[in-house]
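# Here's a sequence, model it:
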Amino acid sequence: MSLEEYMGGRMLDLEQIKLNFKKMATDNGLPASDLSIISNSRYAHELAVWAEEKGKGDIFHRETYLAYFGEGKNIADIEVLKQLATKSGLSSDEAEKAILTRKYRDHIDRNWDESEKRELVAAPTFFIGEERLVGAHPYERLLRFITDNGAVKRI
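Residues are numbered from 1 along each chain as shown. As a prediction, this is how the structure comes out:
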């Protein structure tokens, strides 16, 4: 689904949202596509749990981020997810099996139930106690959020 279809009817400046995203990504040394599609990330979430069990969660998350936000790939597509598994050092056949058997469905259902209870509306959302910081922010803003909520620098 295109971003325009997804956001259809809402009074948002999509071009400004895209420009803000690209600037934030570029400022942080990250690649950024034109955000032209919205993917149902359910399978990607389920496969990430599988990758974490295999000790490859960090690299799978990175590859998924780069594919979606950097290259504009559809992470709802099983073939794309199998390629990401391979790039992460995992078996594409095992990845397909993990997706098709829906082995991790309940895990993600619990995560999404918790998100609903906590009224999450965007990712990332950072919590310290009941305080929250919603959305991607520069490092300095995240650091201020942490220190304003009682964290003490250890090193």
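# Show the model's pLDDT score for the residue nearest to residue 61 when sequence neighbours are not counted.
Nearest residue to residue 61, sequence neighbours excluded (C-beta to C-beta, 6 or more residues apart in numbering): residue 48, at 6.1 Å. (Each C-beta comes from the backbone N, C-alpha and C, glycine too.) The model reports residue 48 with a pLDDT of 97.
# again, but for residue 1
Looking at residue 1, its pLDDT is 60.
# swap in the one 5 residues further on?
Here, the pLDDT recorded for residue 6 equals 56.
# quick one: the closest residue to residue 68 other than its chain neighbours and residue 151, what's the gap?
Once flanking residues are discounted, residue 68 sits nearest to residue 75: 4.9 Å by C-beta to C-beta, 6+ apart. Residue 75 is 33 Å from residue 151, where distance means C-beta to C-beta, to the nearest Å.
# quick one: low-confidence parts of this structure?
Applying pLDDT under 70 to the chain flags residues 1-12.
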